[in-house]
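>>> sequence first, then the predicted structure, then my questions.
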Amino acid sequence: VSGTSIIDARLVSSTIPPAMSPGQSYPVSVTMENTGSMTWDEKSIIRLGGVGDYTEDAAKFGSIRMCIPSGISVPSGSRYTFNFIMTAPVSQGSYAPDYKMVWDGHHWFGTRASQSIQVVAAESLPHAEFTANITKGSSPLFVQFTDQSTGSPSRCRLAPSSGSSRGPCRWSSRSAPAPA
């Protein structure tokens with residue numbers, strides 16, 4: 001038997017961040033594509049759900065069901081973006097919330113939106129900060145940067161706002177490895 005399943009979905013994109021601060025709220029989005037033949041809408045009780053309902057990590061970040069608003073239909077081949085707020089648990093640690101489409105009262109379907117999240121105090125996160133001895137000039141311009149970063153960054157990437165760099169970021173006074 002070949003053809004399109006009656007109900008199926010594919011993850012297109014997700015903005016769930018890999019790190020959060022305890023108790024902080026983050027607006028996120030998950031975009032799913034309807035790859036089945038059945039149209040999604042609120043009347044058909046098709047939603048994005050936190051896998052495991054109240055027993056798994058998704059429930060620790062807030063709502064476990066994100067609805068398609070009344071009057072919106074998502075036909076086969078179309079995409080829908082679920083926008084919602086995730087609030088990090090107050091306990092620091094590693095979490096793995098999973099989200100998937102659910103036909104409530106029937107079954108889960110489609111690919112998962114999974115993201116490992118480290119919940120850490122903001123002061124524990126790396127903070128990049130640099131000063132420069134020269135900020136304008138003619139090419140080639142040799143600039144000496146002073147690194148005032150905190151939080152032990154493990155890598156760097158030089159990406160000037162006027163274009164891309166011509167070589168790897170090289171630390172002369174730091175022990176953090178530069179990217180290859």
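That came in fine, so what should we check first?
>>> which other helices and strands contact the worst-scoring helix or strand of the chain on mean pLDDT?
Across the helices and strands of the chain, mean pLDDT, DSSP states H and E gives its lowest value to strand 145-147, namely a mean of 75. Packing contacts for strand 145-147, counted by 3 or more C-beta pairs under 8 Å, 6 or more residues apart in numbering; DSSP states H and E, involve strand 130-132. For glycine as for every other residue, the C-beta is placed from the backbone atoms N, C-alpha and C.
>>> can you tell me the strand partners of the strand it packs on and which way each runs?
Strand 130-132 pairs in its sheet with strand 145-147 (antiparallel), by DSSP bridges.
>>> what ranges does the protein have for its helices?
Ranges of helices within the chain: none, based on DSSP state H.
>>> okay, now the unreliable bits of it?
For the chain, the stretches with pLDDT under 70 are 1-4, 123-127, 150-180.
>>> try 90 this time
1-5, 52-55, 121-180 (pLDDT under 90).
>>> enumerate every residue touching the spatially closest residue to C67 that is not a sequence neighbour.
Nearest-residue entry for C67: R47, 5.3 Å, with adjacent residues in sequence omitted and distances by C-beta to C-beta, 6 or more residues apart in numbering. If a contact means C-beta atoms under 8 Å, 6 or more residues apart in numbering, then R47 has R65, M66, C67, I68, M101, V102, D104 as its contacts.
>>> G105 too?
Contacts for G105 (C-beta under 8 Å, 6+ apart) come out as I45.
>>> how near is it to S37?
Counting by C-beta to C-beta, to the nearest Å, the separation of G105 from S37 is 19 Å.
>>> same thing with S29?
Distance from S29 to S37, counting by C-beta to C-beta: 25 Å.
>>> most distant residue from the centre of the chain?
S138 (39.2 Å; C-alpha atoms, centre = their mean).
>>> for stretch 36-51, buried residues please.
Within stretch 36-51, the residues that count as buried by 16 or more other C-beta atoms under 10 Å are G36, M38, W40, D41, S44, I46, R47, L48, G49, G50, V51.
>>> what separates the first and last residues of it, distance-wise?
End-to-end distance for stretch 36-51: 20 Å, by C-alpha to C-alpha, to the nearest Å.
>>> ok, now stretch 110-128?
Length of stretch 110-128, first residue to last, C-alpha to C-alpha: 39 Å.
>>> swap in stretch 101-113?
9 Å.
>>> ok, now stretch 41-52?
So stretch 41-52: terminal residues 22 Å apart, C-alpha to C-alpha.
>>> then stretch 33-42?
16 Å.
>>> other residues contacting that stretch?
Residues outside stretch 33-42 that contact it (C-beta under 8 Å, 6+ apart): 4-12, 44, 46, 67-70, 72-80, 101, 109-110.
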